[in-house]
Every structure is written in structure tokens, then in C-alpha cells.
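Please work out how this folds:
(chains A and B)
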Amino acid sequence: MSSPTQDIRTMRAKRGFLGDSWALLKTAPLSAWFGMIVILIYGICAIFAPLIAPFGEAEVVGKAYEQSTALHWFGTDQIGRDVFTRVIFGARNTIGIALTTTLISFAIGGTLGVYAAVTRGWIDQIVSRVVDALMSIPVLIFALMLLAVFGKYLINLVLIIAVLDSTRVFRLARNVSLSVAVMDYVEAAKLRGEGLIWVVFREILPNVLPPLVAEFGLRFCFVFLTISALSFLGVGIQPPTADWGSMVAESKTLITYGRVQPLIPAGAIALLTVAVNFVVDWFLHKTSGLKD
Amino acid sequence: MADNSRESSRVKGAALVEMRNVVIDGYSGETWHPIVKGIDLTLKRGEVLGLIGESGAGKSTLGLASMGYARPGCRITSGSITFDGIDLTKASKAEKRALWGSRIAYVAQSAAAAFNPAHRLMDQTVETAVTHAVMERGKAEADAKDLFGRLQLPNPGSIGHRFPHQVSGGQLQRAMTAMAMSCRPDLIIFDEPTTALDVTTQVEVLAAMRNIVEQFNTAAIYITHDLAVVAQMAHRIMVLRHGKLVEESETRQMLKSPKEEYTKSLWAVRALAKDESANDDVALEVRHVDAAYGNGFKVLDDVSIRVPRGRTVAVVGESGSGKSTTARVITGLLPPTKGEILFNGKALPPRLQDRDRDTLRRIQMIYQSADTALNPRQKVRDIIGRPLEFYLGLTGEKKDKRIEELLNAIELNGSYADRLPSELSGGQKQRVSIARALAAEPELIICDEVTSALDQIVQEEILHLLMRLQKDTNVTYLFITHDIATVRAIADEIVVMNKGKVVQQGLKSKVLNPPFPAYTELLLSSVPQMDPDWLTGLLAKRKAAT
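This next block holds a predicted model:
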């Protein structure tokens, strides 16, 4: 039994990273492909927004609330800016800010989580109880309160959501690390006299990465939705920066006149969330080793 | 009893299970490949058949196939399996379910994992008999008590009221045998039932199982990797390797004159031996050490051990004897509550954090399971290279050269440097663990059960390697094990531990020869011998003594 598996493993090792990735992609279900293509399109829009968009981000190009025309595909907004242009720039702003926020929350929550799992003891106790306390307050309400206290600047928005979200990341990182931290190779590293940094970043983190990567996708969706919700409420991303949440808020009354305009940025939000979830689902299924 | 008719139909000698040219595929690496490659097996009523082989030989897969079952990820691709005239390859799930439990029973390796911790032993023991409508509940309970008695469980009348965690591992394994016996099956499959038990417990369990199988004239398939155990249990032995049959014959015949080279090599492991030699230069001395875990539970009680330089000291004892805790105390993972540890005549700081890098370098450790001791995300190069860089400051070309030297020293070569642990076999992984310890150029290596997770032949190779490395580098070994055969093979001195205390320390020749302290006697006499009459003889002797 051991010899054929051995051959297969060595063969696979020789195929290289690109070959591996392609082999993996070939097994992806339709939903995951859909998700990846959607994310790719969003990514291109976000990176090349100034090249793709027909007008400037805050440029007033027509009358207010125009219907869609050949020139303005999605019509114009309340002060006559092109909605199509603003949707494209919105991808850049909303996704960019959500991504930054998620990265910060992972840096905080992930590091603290692994650290708590390795050291245990009173540090773990204190951090865990603080996290419990923070998690007992609904995120949106807590964020609204903190934004009211610190002022609605972009930097505050990013930091507040990152800290609130890092509590979830902390819990996951701590739990998955606990099972790795008791492994003999971690003990071997401690016996060798390795410092904490080595143990956390070289021995444990590489082994807990798959669930954390999957969680990254999901957390990104939640952060993205929270920011959009805050923008809709008027305390998130501030004008004239184009942002999907505030775009929905600004044009929401149009829905009563039977216009689809407010649905466009809302749809953009929904589509990205669904797409990311599809990809994460597939990834989780893959790494958890579940068979169909 | 309801099964009277069946009891009478049990004619000794009639064929019960017939397997013809059975092929079983396993799924891994996204393809199917054969695990069992066309094996014939015949089992008569009342016969005990031993299946032996290394891990991966297909013995468990074949054993399970005899009840028409394939594990998830396995499938029976061809061949026929007939049980008492019923073709199991064609039988429906419902037909098979009617057989399983009532006419074919299975005893798993880990009784602790097989029992539901939330239910009492009695409820679980009678469940099969009641659900298969073999007996009514009251009758089944009376019968279970009778079985408990026959299996020599203490207080057979009341032990059934206990929960699984309230009895010992050996008792649980016997309770599982009672569960398997509850419907008086025609066939029992024992899958490594004593592998997880200590030797002293193993003797009782083996005797109980052999007895009950004889009493009810039950046919059995006994799966194990331990030759000496199978010699006590089986009438006939089949040796398997890589899914194929190597040799098959009556037990006595096979022990006396094995035909195939492979079978002989299985025997040879036990012949490995080293002459002891004394040395007065003490490398490590553990002096009157007490240790306790966080809750105040004392695990070491006045432990004193002397380890002479360049020699191998084997620490033997059953699980819970404190031998692994001793290792933790020496390495500084568990500071002692009393006593001190001298290394090269100087007291070691009790806590790991207080020891300097050079002291850490001098004492290295090798673990039982290389699977968990090697980081699955690091390549062999990084695993071996890290101590070189960390302790000796080697980098670049010097480091690469030394890695290659070390790989050669453990009888692998440079091409292994870029592999991940998952791309190595069990023995190769353990070799890499050894290389990691060697890389630090230590004076003392603590080996914690380093061979017990390995197959016999691989064990022998690893022991040879360790002995050769000792000769080359004059390294000292503190060798923790429960396996007396290994101790005989490599030790200079032996420390016997029991319940946190040192029972005896001395040269191998002294400890292994009479006069024995009572515990050493019990431990040594419980180690199964290759003689098929060993168990019978031992039981007679112990009975006479009481």
C-alpha cells in the first residue's frame, strides 16, 4: 500500500506549483468558477477604475436624476454625476477599504489568537474575556457609538471595524492553534530554545492557515457589508468619495418612482458577497477533506 | 436458549468462511489502487486464524472483508466471500446487517473508543442480543453476567452497572469481548485487541479471550503485528505483505520452520542483541526527584537514575509508571518539586527557560511518533537545518553540506532534503527525527518510545542505526520503552519503574536475571514468548503460585 502512494506523491511534488493549482482548479465546481470570475471582474474594475470609467469620479456631467441613456448607462445621480462611473469607482473604494480593514483585523486577531494558544495562562484568560465582552455587543450598534465618539473619519472607521472584527478572528485562530500547539514538533521547538516569534510564525501559523484563509473570505464579506451599512446610515465613507452603500442611500427615494437606479449599487454589493461565499465554500470543502 | 439449534449445528471442522481471490481497492491520491491483491482464505468452524504483517499489509482490510464489509474509501472489487453458504459480495445491506453482531462480531483495537461513554457497560453489552431479538432483555443480562464471569472480570454481577471510564483498559477490552460474544456468533474478528494494553494486562486479556473462544467453539480471525501474541492464540497463521499472501501454515509448523525469507526476517528482530558494558563516568544523574502535575497529583516519587556516558540506559515500565514524566523533568518541561538533576557533574537549572542555549544543545529528544514530531509544513532541509543554524551558526553552503552528511549518516541521501514529511515512510520520518537530534551534536539523547509506533523490521533498522551512531559519536542514550525485546537488544543498563518509583537499576545482565524484585518478575514473565505453549505454561505457573 505504501509504495504506490509514495509514487503518486513524488509525481505530484514534481508537477510544480502552477500545475498543482491548475489541477486543483479543474476540480472546482461551477459555483466556485462563477465566484472566481465575478471576483476577477470586480478586481479589474477596482484596479483600473480610472481607465474603464467614462467620466471622473466626482465629475458633474449632466442634469440630476437622468434616466439611463446611451451616454449615461445607469443614468445620473442627485447632482448629475454619472452613476456607471460611480459604481466602478465604488468598487475601488468599498473593496479597498474593506480589504484593508480585514487585513488589519487578521493581523490583530490572528497574532493574538495564536499567541494566546501558545502561552495559555493569565494572558490567554484576560484577552479571551475581553473578547467575550466585546462580542456581546452588536457590531453595528457598537460601531455607530464609537464613530459618534471618535468622529466619522475614514481612519477611525477602518480601525473601529478592524478591532471589532478581530474578536471573531481571535476566537478562530486561538481554537485552531490550540490543537496544533500541543503537537510534539512545537514542544521540540521549545526544547531547542526557540523564541515565541519562531514558534508562532514558523511552527504554528503555517499549519493553521487553511481555516484562517477561508475565514478571511467570510470576514471580508461581513466587513464589506458592515461598511456599506454604515455608509448607508451616513457615518461610513463620506462624499464625494463614490461608495455603494452611500449611493443606495442617496438614491433610495427613486425606488418609489419605479426606477431601478438604487438597485444597481445594492446589486453590486450582493453579487460580490455571494461570489466570495461560493469560493470560500469550495475552499473549505476542499481543505476539510470532506468527500461528496 | 434460543440459539440451541445453532449451537448444535456447530460441527468442528466444517468450512465457515471461504474467500476466493479477493481484491480490495483503496482510494487515495485521487485514484483507486489495490490494497489486497487476490487472497484466498478458508476458515473452519472453531478454528482461530492469525493474520500477521506490517502496517499496510492489508490484514485489517482482509479481516473486515471476511464479514463482507469494506471501510469507507475501500471497495471489494472482485472475488467471492462466502460465509456459511451466504455469498457476502452479493448480499444486500439488510441481509448483512442481520448477520453482523449476531453471527459475526468484531472486537476493535481501542475499546475506549468503541464504547459509548454515556451508557453503562451492561446496556451496551446486551444491546446487540436484544435488537437482533436473540434474547429478551432479562435473559440477556443474566447471560452477560455469566460471560463477565467467564472472562474473569472482577464482580461479574455488578460490573455491568459501571460506565466505561470507571473500569480499566484491560477490563474494557474484555467487556467488549463479552459484547461480541453476547449472541454466540459463529465468527469473531479480533483486530489488534491487545496492542494498546500493557504487557501485564495483556496476559489476562489474552487468556480470557482464548478461553471463551474455545468454550463456545467459535471461529476467530486474530489480526496482529505481534508474532509472539499470535503464537498463543492461533491454530494457523497467514503472513501478509503488500496485500499478498507470503506464507501460510499451522502455528507450530511456522514457528519451527518458516519457509519464506520475509517470514524469517520477522523472526530475526528478536534475535538482535548487544553486549552490555559498564562505565563509571556519569553523564547525567537524577537525584531524589519528586514531580507533580498542576493539580498536585504526584507522579514521581524519589526517583534516582544514573546514566553513564556513551552508554544506553533503558527505562522500562507500564503506562503511568512515570517514565515519560522523568524525561519531561530532565528536559526542563516539568520542573521537579524536589531533588536535582546533575549534567556532567553540574546541577541543571530546573526550568527550561533558565537553561542557556549550549546546555539545551547537549540534551536532545526523539519522540515516539514522528508524525507529530515533524512539522508537516517544513521540508526535511529546514527540519534538519534549523538546529545547525540555531546552535552552531552554520549557514549557506556549510549548512547544506552538513545536511547532506547528516542525511547520509541516517542512511538516506541528499535527494530527500526537499521532501515534506508526508512524502516519507514511517521509518524514514523517524530517521529524520534522529538526524534533527544529531544535528545539534548532543551528548545525551532521550529516546521516548521511538520504535513503538513502527513495524518490526523497521524497528530493527532504527535500533541498528541508533547503535551505530552511538559507536561513531559516543552519544549517551536514555531510552524509554515498554518493550522488553527492545531493551534486550540495545541496553547497557536498565531502570525498572512502577507507579512513579524506581524499582530497580542495574546492568542488563543483573536486571534480566534472577533474583528479581516482585514487580520486575511480573513484568518480565508477562512478555509473550515465541513458544506457543508459553501462555498455557505461564497461567499454570501463576495458578500454582497462588
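
hey, where'd the helices end up in the stretch 151-292 of chain A?
Assigned by DSSP state H, counting those that start in this stretch, the helices in the stretch 151-292 of chain A fall at A:154-181, A:184-192, A:196-198, A:205-232, A:244-251, A:263-288.

Give me whichever of those helices is most buried.
Mean neighbour count (mean count of other C-beta atoms under 10 Å in any protein chain shown) peaks for helix A:244-251 among the helices of the stretch 151-292 of chain A, with a mean of 24. Yep, even glycine has a C-beta here, placed from its N, CA and C like the rest.

packing partners for it?
Packing partners of helix A:244-251 (3 or more C-beta pairs under 8 Å, 6 or more residues apart in numbering or on different chains; DSSP states H and E): helix A:83-90, helix A:205-232, helix A:263-288.

so the first one versus helix A:244-251, what angle?
Put simply, helix A:83-90 runs at 150 degrees to helix A:244-251, going by axes from the mean of the first three to the mean of the last three C-alpha atoms, to 10 degrees.

Give me the mean pLDDT for helix A:83-90.
Model confidence over helix A:83-90 averages 85 on the pLDDT scale.

How about the last one?
When the per-residue pLDDT values of helix A:263-288 are averaged, the result is 85.

what angle do that helix and helix A:244-251 make?
Here helix A:263-288 runs at an angle of 150 degrees relative to helix A:244-251 (the same axes, to 10 degrees).

check whether helix A:263-288 contacts chain B.
No: for helix A:263-288 and chain B, the contact criterion (C-beta under 8 Å from any C-beta of the partner chain) is not met; the two come no nearer than 12.2 Å.

Show me where the chain dips below the pLDDT cut-off.
You didn't say which chain, so I picked chain A. Low-confidence segments of chain A (pLDDT under 70): A:1-18, A:288-292.

That was the other one, I meant chain B.
Counting by pLDDT under 70, the ranges of chain B that qualify are B:1-13, B:29, B:267-272.

ok, now which ones touch the spatially most central residue of it?
Among the residues of chain B, B:T195 comes closest to the average C-alpha position under C-alpha atoms, centre = their mean, at 4.2 Å. Shown in contact with B:T195 (C-beta atoms under 8 Å, 6 or more residues apart in numbering or on different chains): B:109, B:224-226.

returning to that earlier point: and the helices and strands packed on helix A:244-251: which comes nearest B:L284?
Between B:L284 and the helices and strands packed on helix A:244-251, the shortest gap by C-beta to C-beta is with helix A:205-232, which sits at 33.1 Å.

Against which helices or strands is the closest one packed?
Taking 3+ C-beta pairs under 8 Å, 6+ apart as the contact definition, the neighbouring helices and strands of helix A:205-232 are helix A:96-119, helix A:139-150, helix A:154-181, helix A:244-251, helix A:263-288.

of those, which approaches B:Y391 most closely?
Minimum separation from B:Y391 across the helices and strands packed on helix A:205-232 (C-beta to C-beta) falls at helix A:96-119, 22.0 Å.

how far away is A:C221 from chain B?
Between A:C221 and chain B the computed distance is 28 Å (C-beta to the nearest C-beta, to the nearest Å).

wait, I meant A:A23
Counting by C-beta to the nearest C-beta, the separation of A:A23 from chain B is 9 Å.

cool, A:D20 as well?
In this structure, A:D20 lies at 12 Å from chain B, with C-beta to the nearest C-beta as the measure.

what angle sits between the helix or strand harbouring that residue and helix A:263-288?
A:D20 is part of helix A:16-26 when elements are defined by DSSP states H and E. With the same axes, to 10 degrees as the criterion, the two stretches helix A:16-26 and helix A:263-288 enclose an angle of 110 degrees.

Show me how far the next helix or strand after helix A:16-26 is from its chain's centre.
Moving toward the C-terminus from helix A:16-26, the first helix or strand encountered (DSSP H and E) is helix A:30-47. A distance of 14 Å separates the C-alpha centroid of helix A:30-47 from that of its chain, computed with C-alpha atoms, centre = their mean, to the nearest Å.

what helices or strands is helix A:30-47 leaning on?
Using 3+ C-beta pairs under 8 Å, 6+ apart, helix A:30-47 sits against helix A:263-288.

Need the nearest residue in space to B:T520, chain neighbours excluded.
Closest residue to B:T520 in three dimensions, ignoring its sequence neighbours and counting by C-beta to C-beta, 6 or more residues apart in numbering or on different chains: B:V496, at 5.1 Å.

before we move on, the earlier item: of all the helices and strands packed on helix A:205-232, which lies closest to B:I52?
Taking C-beta to C-beta, helix A:154-181 is the member of those nearest to B:I52, at 34.3 Å.

Now for the residue most central in space within chain A: which residues touch it?
With the centre of chain A defined as its mean C-alpha position, the nearest residue by C-alpha atoms, centre = their mean is A:F220, 1.7 Å away. A:F220 makes contact with A:98-99, A:102, A:276 under the criterion C-beta under 8 Å, 6+ apart.
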